[in-house]
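Trainee: got a sequence here, can you model it:
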Amino acid sequence: MSTHPYTNSLINETSPYLLQHAHNPVNWFPWKDEILDKAKSEEKLIIISVGYAACHWCHVMEHESFEDEAVGDVMNENYISIKVDREERPDVDQAYMNAVQLMTGSGGWPMNIIALPDGRPVWGGTYFKKEQWMSVLKQISDLYKKEAEQLFEYADKLEKGLHQLQIIPPPQEEQNLKKEDFTAVLNTFKRNFDHRDGGMSQVPKFVIPSNFQFLLRYAFQNEDQGLKDFVFKSLDKISYGGIFDHIEGGFSRYSVDERWHIPHFEKMLYDNAQMVSLYSEAYKVTKNKWYKEVVLQTLGFIKNELTSPEGGFYSSLDADSLNAEGKLIEGAYYSWTKTELKQVLQDDFELFSMYYNINPTGKWEKDLYVPIRTLSNKQLFKEQNLTLEELEIKKKGWIDILRERRTFRSKPRLDNKQLTSWNALMISGYVSAYKAFSIAEHLEIAKTNASFILENLQKKDGGLYHSYKDGASNINGFLEDYAFTIEAFIHIYEVTLEETWLDKASQLSEYCIAKFYSEERSAFYFTSIDDRALITRNVDLNDNVMPAANSVMAKNLHQLSKYFDNSSYFNIAKKMLLNMNHQLEEYPQGYSNWLDLKMDLTYNFYEVVITGKKALSNLKELNTHYLANILIDGTLKDNSDRPLLKDRYKSNEDLFYVCENSACKLPVRSMKACLEHFNKN
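Mentor: Prediction:
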């Protein structure tokens, strides 16, 4: 953060990222309607600079350019400068990221845009050195003063291109959903597999949890052992790598190398939420104790570092932290020197260095190491003549020592705003862990956070806010907030059978349809009809580091259609999928959550109804099994008129019904008999 004695209007904001820039000599404004109106009335060009609190290169550009008085003078004289926290305003980020990608072919953060007074972009890019930035500022300012018509012509063309990006081409012929389609999808997927290090063959390496969840489901239902092996090898390699924090738990955002070794050290809530769900699901298939350890360590990190006293979840930890010399450095909190490790581990250093590769394999840069595993416990104990129990005891001791050592280090900066969508993803993560391990605390935390959302992030009209901090919520919710919250509430119902969660999911869905859905486009817009229009009104369709809000909504509506026998919900979900169907084969990595929905509609999909006084204990046992193609319903009493439950309860009997499209087979009385109903196809 700047040490200059300046203060700009960001000082009144709550976003940690905006507050980081509140003392820049740049006269920054937040993204607000009155600021956009100010630019228009003064006919001044706009700088829109987008980043987030945990972003390393955002900090670099701030230090090099935005803390510089000469840069500030140029920006203040010629531009209205707006700072945007991309996590607070994903709508603004998405609209201008599309523009940058159209102009340059790539994108990233920090993202810097120069726009006309009406907000339409005319130039953009990502990180720039001070000299480059100053040069661009002067050139475009001069051009605006002398030949503004050139900029307006360019803005017109770019705006047309951006509108074209939002057009979803209708299918050329009637679409049919067929199992056979998945053969081509899997062939495309497999061409990109990294069989040596797991994941996809690309650098940097992002995990994309929805990819692995789809691949695991497909492999399981089609008895594809080779595909299963690839998924589990990938999950082993990822969790053995430095992208996973072996000392305090939790995953970093991505790896900069192909081995998952050196992360970009920022830890984001949304990544960790999904990784908890992914490894919990993988545990149910494999009963691999390491996967359980990964989940529990990650949830320990969430509880210790990203949970507020009110039960909300904070957004992220920064990639950067202060080193021993007081300099802000990427990864300083997480990396180790050999000298320090020898000092604190003493006689155990040699064994530790074998386990975590404090050798050329684990070396990062200079004399720094990031722990990385290459051997399983079984492989190592065979080499070292240790029992598994002895190795686990030693490992726990090492972790305790190094955690204590980290307490003497400067911690990465915390972004303590709480986002509805990311909180909801974390609810689903906790529910997934509860299903796999039956630890009561996980369900308690999930329900506490769900109550936190309802108490602090629900509007008087039943809609949602997007962000909460310091007791305030004032940004209107986006589609992702509704999609992930509805999904989370359905997940809580699946483990509690408390109908209030289903009712809330249905109410939010109705609100979402009214405010976001386009009948013409068979898709939901990212922003509400109540929000100010940007360059374009975007539609979020691609499953990326988070699943697309539209794919999540389509899955939600499919499930709710079963619970409430609502054909309208089903028709919307199916139409959305049919509109996307022709794109799924071309780039399946970008549509894996859509593919999961397609499996629901093409393979056998079951509704499982559990009734009786022991319904909750039977439900808990059922949830420990990997069953990706079921919907769960049930009741402990005879008073429900919902279609799946009506007339299912029999006094003094504990029953399991297995149904397809609400047509139920005769009930059975044991878990074993229930599970025998499921075939994998």
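
Trainee: could you list the low-pLDDT ranges of the stretch 101-250 of the chain?
Mentor: 168-174 (pLDDT under 70).

Trainee: ranges for the strands of it?
Mentor: 111-115, 121-125 (DSSP state E, counting those that start in this stretch).

Trainee: residue 651 is nearest to which of those?
Mentor: Of all the strands of the stretch 101-250 of the chain, strand 111-115 sits nearest to residue 651, with 62.2 Å by Cβ to Cβ. (C-beta placed from N, C-alpha, C; glycine too.)

Trainee: what pairs with the closest one, parallel or antiparallel?
Mentor: strand 45-51 (antiparallel), strand 121-125 (antiparallel) (DSSP bridges).

Trainee: most tightly surrounded among the ones you listed?
Mentor: strand 45-51 (a mean of 25; mean count of other Cβ atoms under 10 Å).

Trainee: re earlier: now render the strands paired with strand 111-115 as JSON lines, adding distance to residue 650.
Mentor: What follows is the strands paired with strand 111-115, written out as JSON lines (distance: least, Cβ to Cβ, whole Å):
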{"stretch": "strand 45-51", "distance to residue 650": "58"}
{"stretch": "strand 121-125", "distance to residue 650": "64"}
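
Trainee: right, and these - which one's nearest residue 333?
Mentor: So among these, strand 45-51 is nearest, using Cβ to Cβ, at 20.4 Å.

Trainee: for the closest residue to residue 556 other than its chain neighbours, give its distance to residue 554.
Mentor: Closest residue to residue 556 apart from its sequence neighbours, by Cβ to Cβ, 6 or more residues apart in numbering: residue 486 at 4.6 Å. Residue 486 is 11 Å from residue 554, where distance means Cβ to Cβ, to the nearest Å.

Trainee: dump the one helix or strand residue 401 maps to to PDB, restricted to CA.
Mentor: Assigned by DSSP states H and E, residue 401 belongs to helix 388-406. Once non-C-alpha atoms are left out, helix 388-406 reads as follows in PDB (Å, rounded to 0.1, in the frame of the first residue of the first chain):
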ATOM      1  CA  LEU A 388       2.600 -46.500   8.800                       C
ATOM      2  CA  GLU A 389       1.600 -45.500  12.300                       C
ATOM      3  CA  GLU A 390       5.200 -44.300  13.100                       C
ATOM      4  CA  LEU A 391       5.200 -42.300   9.800                       C
ATOM      5  CA  GLU A 392       1.900 -40.700  10.600                       C
ATOM      6  CA  ILE A 393       3.100 -39.700  14.100                       C
ATOM      7  CA  LYS A 394       6.200 -38.200  12.700                       C
ATOM      8  CA  LYS A 395       4.300 -36.300  10.000                       C
ATOM      9  CA  LYS A 396       1.900 -34.900  12.500                       C
ATOM     10  CA  GLY A 397       4.900 -33.700  14.600                       C
ATOM     11  CA  TRP A 398       6.500 -32.000  11.600                       C
ATOM     12  CA  ILE A 399       3.300 -30.200  10.700                       C
ATOM     13  CA  ASP A 400       2.800 -29.000  14.300                       C
ATOM     14  CA  ILE A 401       6.400 -27.700  14.400                       C
ATOM     15  CA  LEU A 402       6.100 -25.900  11.000                       C
ATOM     16  CA  ARG A 403       2.700 -24.400  11.900                       C
ATOM     17  CA  GLU A 404       4.200 -23.000  15.100                       C
ATOM     18  CA  ARG A 405       7.100 -21.700  13.000                       C
ATOM     19  CA  ARG A 406       4.700 -19.900  10.700                       C
END
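
Trainee: all helices for the stretch 251-400 of the chain, in order.
Mentor: Taking DSSP state H, counting those that start in this stretch, the helices of the stretch 251-400 of the chain run over residues 269-286, 289-305, 338-345, 349-356, 377-384, 388-406.

Trainee: kindly report the same for the stretch 401-550 of the chain.
Mentor: Using DSSP H, counting those that start in this stretch, helices in the stretch 401-550 of the chain cover 420-437, 440-456, 479-496, 499-516, 549-564.

Trainee: so which of those helices comes closest to residue 95?
Mentor: Across these, closest to residue 95 is helix 479-496 (Cβ to Cβ), at 13.9 Å.

Trainee: what average pLDDT does the closest one get?
Mentor: The pLDDT scores in helix 479-496 average 98.

Trainee: could you number the chain from 45 rather than 1 from now on?
Mentor: Understood, numbering begins at 45; the last thing we discussed is helix 523-540.

Trainee: how far off centre is that helix?
Mentor: Helix 523-540 sits 14 Å away from the centroid of its parent chain (Cα atoms, centre = their mean, to the nearest Å).

Trainee: what about residue 451, how many residues close to it?
Mentor: Residues near residue 451, counting by other Cβ atoms under 10 Å, number 7.

Trainee: next one: residue 629
Mentor: 17.

Trainee: from residue 638, how far out is residue 231?
Mentor: 18 Å.

Trainee: compare these two and say which is more crowded by neighbours.
Mentor: Neighbours were counted for residue 231 and for residue 638 using other Cβ under 10 Å; residue 638 has more, 27 against 11.

Trainee: check contacts around the more buried one.
Mentor: Contact analysis of residue 638 by Cβ atoms under 8 Å, 6 or more residues apart in numbering lists 587, 592, 595, 598, 621, 624, 628.

Trainee: excluding its backbone neighbours, what's nearest it?
Mentor: Residue 638 sits nearest to residue 595 (Cβ to Cβ, 6+ apart), 4.7 Å away.

Trainee: can you count the residues close to that neighbour?
Mentor: Neighbour tally, residue 595, other Cβ under 10 Å: 25.

Trainee: any idea how far it lies from residue 615?
Mentor: The gap separating residue 595 from residue 615 is 17 Å, by Cβ to Cβ.

Trainee: let me see the domain layout of the protein.
Mentor: With domains defined by automatic domain parsing, the chain comprises 53-209, 225-364+459-646, 378-452, 650-719.

Trainee: can you put those domains in a markdown table and add distance to residue 219?
Mentor: Compiled in a markdown table, the domains of the chain are given as follows (distance: least, Cβ to Cβ, whole Å):
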| stretch | distance to residue 219 |
| --- | --- |
| domain 53-209 | 22 |
| domain 225-364+459-646 | 4 |
| domain 378-452 | 45 |
| domain 650-719 | 20 |
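
Trainee: looking at those domains, which is buried most?
Mentor: With a mean of 21, the top stretch among these by mean neighbour count (mean count of other Cβ under 10 Å) is domain 225-364+459-646.

Trainee: pull the distance from that domain to the chain's centre.
Mentor: 6 Å.

Trainee: now for residue 226: which residues touch it?
Mentor: 262, 639, 642, 643, 646.

Trainee: report pLDDT for the last one.
Mentor: What that stands for is residue 646. Looking at residue 646, its pLDDT is 96.

Trainee: show me what the helix or strand of the chain with the lowest mean pLDDT is packed against.
Mentor: In the chain, the helix or strand scored least confidently by mean pLDDT, DSSP states H and E is helix 421-428, which has a mean of 78. When contacts are defined as 3 or more Cβ pairs under 8 Å, 6 or more residues apart in numbering; DSSP states H and E, helix 421-428 sits against helix 393-400, helix 432-450.

Trainee: I figured the residue nearest to residue 638 hits residue 588, correct?
Mentor: No - using Cβ atoms under 8 Å, residue 595 makes no contact with residue 588, being 10.6 Å away.

Trainee: mutual contacts of these two, please.
Mentor: By Cβ under 8 Å, 6+ apart, no residue touches both residue 595 and residue 588.
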